[in-house]
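Chemist: Sequence first, predicted model second:
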Amino acid sequence: MPDAIQGILLSAILAILCGLGAYILNANKKSVLRLISDLVQKAEAAVQGSGLGAEKKAWVITQLEAAGVKVTGWVSTEIDAVVRLLNEKSGWRIGDRTGD
C-alpha cells in the first residue's frame with residue numbers, strides 16, 4: 001500500500017510540474033507576442049517608406065535579438081501575422097512616432 005501512495009504522490013507532483021511548465025511557457029509566449037506587436041509598430045517609424053517590408057522585419061528581428069529573444073520560425077511567422085492583422089484592421093498607430 002505505501003508504494004501505491006508513493007506512486008500517486010509522484011504522479012500528482014509530476015502533473016503539477018507539467019501544469020506549471022505549461023503556464024510559464026504560455027506566459028512567455030504572450031510576452032513575446034506583445035513585444036513583437038510593439039516592435040512591428042515601432043518599425044514603421046524607424047524604417048520610413050512603403051515597400052520596405054523586408055527591411056522593417058529585419059529591424060524587428062534585430063530588436064528582438066537585442067532583447068534576448070531567440071528568433072525561430074515561429075517568431076518569424078508571428079511577425080508576419082501581426083503585420084497582416086494590422087494591415088487588415090488598419091490598426092497602425094497614427095502619429096505615434098516617438099519610439100517610446
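Modeler: Sure, I can see it.

Chemist: Tell me which residues touch Ala27, please.
Modeler: Counting by CB atoms under 8 Å, 6 or more residues apart in numbering, Ala27 touches no other residue. All C-beta spots, glycine's among them, are computed from the backbone N, C-alpha and C.

Chemist: What of the one 10 residues further on?
Modeler: Taking CB under 8 Å, 6+ apart as the criterion, Ser37 is in contact with Val82.

Chemist: Which pLDDT value belongs to it?
Modeler: Per-residue confidence at Ser37 stands at 92 (pLDDT).

Chemist: swap in the one 4 residues further on?
Modeler: Confidence per residue is given as pLDDT, and for Gln41 that number is 90.

Chemist: how far away is it from Lys29?
Modeler: 19 Å (CB to CB, to the nearest Å).

Chemist: which of these two has more neighbours?
Modeler: Counted by other CB atoms under 10 Å, Gln41 and Lys29 do not tie: Gln41 has more neighbours, with 16 against 12.

Chemist: before we move on, which element is the more buried one in?
Modeler: Gln41 belongs to helix 2-46 when assigned by DSSP states H and E.

Chemist: Low-confidence bits of the chain, can you list those?
Modeler: In the predicted model of the chain, residues 1, 91-100 satisfy pLDDT under 70.

Chemist: So Ala46 is in contact with Val60, correct?
Modeler: No - checked against CB atoms under 8 Å, the pair Ala46 and Val60 is beyond contact range at 9.1 Å.

Chemist: Neighbour count: those two, which is higher?
Modeler: Val60 (26 against 15).

Chemist: Enumerate every residue touching that one.
Modeler: Val60 makes contact with Ile36, Leu39, Val40, Ala43, Ile79, according to CB under 8 Å, 6+ apart.

Chemist: how far away is Gln41 from Ile79?
Modeler: 12 Å.

Chemist: Could you do Gln63 as well?
Modeler: Distance from Gln63 to Ile79, by CB to CB: 11 Å.

Chemist: Neighbour count for those two, which is higher?
Modeler: Using other CB under 10 Å as the criterion, Gln63 and Ile79 rank with Ile79 on top: 21 against 18.

Chemist: element containing the more buried one?
Modeler: Ile79 belongs to helix 73-89, assigned by DSSP H and E.
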